[in-house]
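Student: here is my input; please provide its structure:
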Amino acid sequence: MSVAKWTAALLWLGAALSSPSLGAETKAPASLREAPVSAPAMPALAKTKKKSVWDKLPKTRSGQIVLLDPGSEPRRTLRYRFPVGAGGKVKITTRSELAVEAAGQREEAGFVPRLEMLAELKVGKPPVAGEFAIQVLGKRPKITNLGSLPEPLRKELEAALGQVPELKGVSVVTDRGVQKRLSFEATKGKSAEVQQILQGLQANLGGMSAPLPEEPVGVGAKWLVNNSVAQAGMTLTQLAVYELISLEGNVGRALIEIRQQAPKGRIQVPGLPADVKTELVRMSSKGEGETYFNLDNPAPKGRVKTSAKITMKSTRGTQSQEVTLRIKGLLRFRPN
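Tutor: Residues are numbered from 1 along each chain as shown. Predicted coordinates:
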């Protein structure tokens, strides 16, 4: 596989499995949306270890936000109230580490791109009461660690990124930070690899809002967010637990813990030949981070660190091979 195609595949996997969608509500198949989901099974804890919030969570459905602990007094009902024109520039950076295991052998990826992209957010006229239409402009991304590559490979990657256009779209979110719609202008005529890169970038741009509970909360409050994210023929169930650490005026800081799971089944990995069939055998993914939210401005600040283990089986004719990917990722949002 060429470097450009390998980069596209990695970006797709990072978007699908390692980058959390913090506030997005993406439509999944009805059968999955209706099924209550419990927390993913976790290894038995040592007797000396404190109990985790993941030990016992309520069953939830996709799109639900459930308050687990209201926190201390005083408590407030948190709602976004973005004025028209609010927003700003946000720098989005991603870093990844990748290892591949096959036939009992493990190999670290020699080069994994570090991406940087600048996004501009601006609140337009609210379509209805309690909702905000946020205009999103994602500048062309760049790879910040190309200097370590030989010149031919560097040129190949630069050419692939040169095909990625600016991303123009609109994100409609509620006053509780739940994304109702995300639409981007069509980018026709692009290669399959570039389309997959665009999907990954759009996933990052669409998951910047911190969802808020319905009830009044104070410092120490915890709430659970259940999202179903459909991408590239695969549906992820993501559970995120937020803990409110501080709240001063209209600015808050929350810690985040994330678990992801996906059912077995056929998936489409970009860059592979058409006659290669790929199946997701099993996966486990978790993450942690923090987010700063401003009730008066949609420009986010935060970071999420993730770790995923994905086992896939590829079949071509009568031959098949099982490959396990271990992906570590870091996603940052910073006002520019």
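
Student: how much space separates residue 132 from residue 78?
Tutor: Counting by C-beta to C-beta, to the nearest Å, the gap from residue 132 to residue 78 is 15 Å. The way it works is simple: take the backbone N, C-alpha and C, and place the C-beta from them, glycine included.

Student: the more surrounded of those two?
Tutor: residue 132 (25 against 22; other C-beta atoms under 10 Å).

Student: show me where the chain has helices.
Tutor: With DSSP state H, the ranges of helices along the chain come out as 3-13, 30-33, 151-162, 192-205.

Student: rank the ones you listed by mean pLDDT and give me the bottom one.
Tutor: Across the helices of the chain, helix 30-33 has the smallest mean pLDDT, namely a mean of 35.

Student: pLDDT-wise, which helix or strand of this protein ranks last?
Tutor: helix 30-33 (a mean of 35; mean pLDDT, DSSP states H and E).

Student: any weak-confidence spans in the stretch 51-200 of the chain?
Tutor: Where the stretch 51-200 of the chain drops to pLDDT under 70, the residues are 186-200.

Student: now the longest strand seen in the chain, how far from the centre of its chain.
Tutor: For the chain, the strand with the greatest residue count under DSSP state E is strand 297-316. Distance, stretch centre to chain centre, for strand 297-316: 6 Å (C-alpha atoms, centre = their mean, to the nearest Å).

Student: list the neighbouring strands of that strand plus their orientation.
Tutor: The strands that strand 297-316 pairs with in its sheet are strand 277-294 (antiparallel), strand 319-335 (antiparallel) (by DSSP bridges).

Student: look up how far residue 58 lies from residue 248.
Tutor: 30 Å.

Student: more crowded one of the two?
Tutor: residue 58 (12 against 8).

Student: which residues does the nearest residue to the more buried one once chain neighbours are set aside form beta bridges with?
Tutor: Distances taken as C-beta to C-beta, 6 or more residues apart in numbering place residue 66 nearest to residue 58, at 5.8 Å, with adjacent residues excluded. Beta-bridge pairing for residue 66 (DSSP bridges): residue 224.

Student: could you tell me how many residues sit around residue 66?
Tutor: For residue 66, using other C-beta under 10 Å, the count is 18.
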